[in-house]
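Chemist: Fold the following for me, if possible:
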Amino acid sequence: MRPTQELAQSTLFTQQSEGFSISDRTKLSYERARAIGRAYALTAEDVLFLSPKFWDLHTDPVGCIDGAAATLLTIQYNLCAGTLATYLHEQPSLAPLLQRVLDFEVSGQYCLTEVGHGLDVIHLETTATLLRDGFFDLHTPVQRAAKFMPPTSPVSPEFPCISIVFARTIVHGEDHGIMPFFLELHNGQSITSGVTIKALPPRGGSRPLNHSLTYFNHVRLPPTALLGSIKKPADPRAAFFSKIYRVAVGTIALGSIGIPALQVASYVAARYSLRRHVVDATRRGTSKPIISFQTQKQPILTAVAQAFVLQAMQKQAVAWFMDPALDPRVRHAVATVYKVVVVQAAQTANLALGDRCGAQGLFEANQLSAMHSDMRGIAIAEGDMMGISIRLTSELLLGRYALEPPRYPDSLLAQHEKGLFLELRAALSAASSHRSSVYDREILPRSILFVQAIGHRLSYDAARAAAVDAPLLDLFEIASVLQDEAWYVEFLGMTRTELREREACALEAVFPHLEEYLARMDVAPYIVAPISSNEKWELFVDKLQTFGETSGESGTRSVEALLYGNDSSMQTQVPRRSVRSML
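Modeler: Predicted coordinates for the structure are as follows:
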């Protein structure tokens, strides 16, 4: 039993908050994040050594109730607490602050990215200059150096905010590289002197959060604010990526949120499709659930299969990522592949399943549309999927390292991966370099498709080795094949008819076990969508803001009365028959 199962059914999580003000909704998300964090009670060892409990937090379906709370949690425990825990051994004085972050007594943030520097964050411009008295002067020298996105603006006196801030450290006029500092941004109300925070407007469609721009105007920091040594590293670039190691952890941790997103989305859409009936044209006087139509089965069952297969991939990816014997570049590559394949599946499923629930799929209360918007943010956070795919593809094509070879080299997905690799290698051979215009035109746009192909193959291998049910594995395989249908037709000689027949057979093999698979996902306690059951729908309707009579017979008014009110003289000007004929 997950530590949040009862919590998810409490008023804190089941109340209809869509009509609240943005500020009230934001505060509610903080309260939910704090409650989830305290339910897990992570320790310094959990966040430092990435314990099973740490990964469980990132695959907990409770995050699908409130994506803003899930965002706060991963910043709090992975980025902020994880960074502080890294330096705890050499700076024991950090222990009280770290404990406050772990207990969620403060909101812990992570200010790295700047407005003018996204994926090229290594060129950030915020400075921390060592002063003669040993203090540091933290400063934002230009507008583009404002720290972008971390939710730093005040929400409530209950949530003071501290942050890890990355700045280019200047010592006696010399650049010692980018280093992390910590400071209090505000006490819940009053902003720290020299700090300016501008609250950004809400992101479109996702659960609102207090994303902000954060500036520093010659903020004095004590020597103890620096995390780590002030010495200039021999290799500043390597030292920088070592210091932001928690971003790599975040790549795989954030990607893990896609697993419960798939589970919850497929569960909601399945329950709605089993509950919603239409007239059965083949049997007079009867009806049938819309799940009986292939157009409902296909996206729902595909998402179910992806949830099970990618869950096996998550376990394998975490094992690889935490293996100290592996080349660190390979471990980061695994995180990239995992994030890309899981987030792509979750985004596609949430959008498709929302559409298959018709107009009701548009409403945030039914979880699907909001999860899709939340996943858009995850696709960008801790490494934009396109950007990290370009980097990984380039490194693999240049032969700097390699991922695990296929366990089942004859599988369709392994052949696809190999075929794309050979295509891209040929394109690289035709380019003068990996920075040429030819490379830009021929390889960069296909990088994310190549990384997805790697992810499909690795996921298939992991699930097959883990003995995931054959019908689920077969459906995952053909669903992956159909994402690049033309390649299989062109290079393997398969026909479109053959591929569609494979999909139909796979769907029919999974469908009889749908109830079993929904139960095995174990997400029912985290479903708040009104369309998932009659009981939830009735409760939802009862709580809606209501206008007019709410009980008793209100009666009806004639069409003529609606047109003319109570003025009988107007009614006599047009015969009743002509009024009806006009309608």
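
Chemist: could you dump the longest strand along the chain to CSV, C-alpha only?
Modeler: Taking DSSP state E as the assignment, the strand of the chain that covers the most residues is strand 174-186. Only the C-alpha atoms of strand 174-186 are listed here, as CSV (Å, rounded to 0.1, in the frame of the first residue of the first chain):
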residue,chain,number,x,y,z
GLU,A,174,39.4,35.6,-12.1
ASP,A,175,36.5,33.3,-13.2
HIS,A,176,36.5,30.2,-11.0
GLY,A,177,33.5,28.6,-12.8
ILE,A,178,29.9,28.2,-11.9
MET,A,179,29.2,27.3,-8.2
PRO,A,180,26.1,26.7,-6.1
PHE,A,181,25.1,29.0,-3.2
PHE,A,182,22.1,28.9,-0.9
LEU,A,183,20.1,31.8,0.5
GLU,A,184,16.7,32.7,1.9
LEU,A,185,14.6,34.4,-0.7
HIS,A,186,11.8,35.4,1.6
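
Chemist: gap between that strand and the chain center?
Modeler: In terms of C-alpha atoms, centre = their mean, to the nearest Å, the gap separating the centre of strand 174-186 from the centre of its chain is 28 Å.

Chemist: angle of the following helix or strand past that strand against strand 174-186?
Modeler: Toward the C-terminal end, the helix or strand that comes next after strand 174-186 (DSSP states H and E) is strand 195-199. Strand 195-199 and strand 174-186 are oriented at 60 degrees to each other (axes from the mean of the first three to the mean of the last three C-alpha atoms, to 10 degrees).

Chemist: for strand 195-199, packing partners?
Modeler: Using 3 or more C-beta pairs under 8 Å, 6 or more residues apart in numbering; DSSP states H and E as the contact criterion, the elements in contact with strand 195-199 are strand 174-186, strand 212-216. Using the backbone N, CA and C atoms, a C-beta is placed for each residue, glycine as well.

Chemist: out of those, nearest to Tyr245?
Modeler: Evaluated over those, closeness to Tyr245 peaks at strand 174-186, with 11.0 Å, by C-beta to C-beta.

Chemist: on that earlier part again, now do the longest strand of the chain: which elements does it pack against?
Modeler: So strand 174-186, by 3+ C-beta pairs under 8 Å, 6+ apart, packs with strand 136-139, strand 161-171, strand 195-199, strand 219-221, helix 236-243.

Chemist: Give the buried residues for that strand.
Modeler: Neighbour-count burial for strand 174-186, with 16 or more other C-beta atoms under 10 Å as criterion, is recorded at His176, Gly177, Ile178, Met179, Pro180, Phe181, Phe182, Leu183, Leu185, His186.

Chemist: what angle separates that strand from strand 161-171?
Modeler: 160 degrees.

Chemist: Turn the helices and strands packed on strand 195-199 into TSV, columns for distance to Lys543 and mean pLDDT.
Modeler: Output for those, formatted as TSV (distance: least, C-beta to C-beta, whole Å; pLDDT from 0 to 100):
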stretch	distance to Lys543	mean pLDDT
strand 174-186	35	98
strand 212-216	32	98
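
Chemist: Please name the residues that touch Ile454.
Modeler: Val337, Val341, Leu403, Glu417 (C-beta atoms under 8 Å, 6 or more residues apart in numbering).

Chemist: Next one: it relative to Leu392, how far apart?
Modeler: 8 Å (C-beta to C-beta, to the nearest Å).

Chemist: got any ranges where the stretch 451-583 of the chain has weak pLDDT?
Modeler: For the stretch 451-583 of the chain, the stretches flagged by pLDDT under 70 are 550-583.

Chemist: Okay, helices next: where are they in it?
Modeler: Using DSSP state H, counting those that start in this stretch, the helices of the stretch 451-583 of the chain run over residues 470-481, 485-492, 496-510, 514-521, 534-543, 559-564, 568-571, 576-582.

Chemist: residues of the fifth one that come out buried?
Modeler: Same thing as helix 534-543. Those would be Lys536, Trp537, Phe540, for helix 534-543 by 16+ other C-beta under 10 Å.
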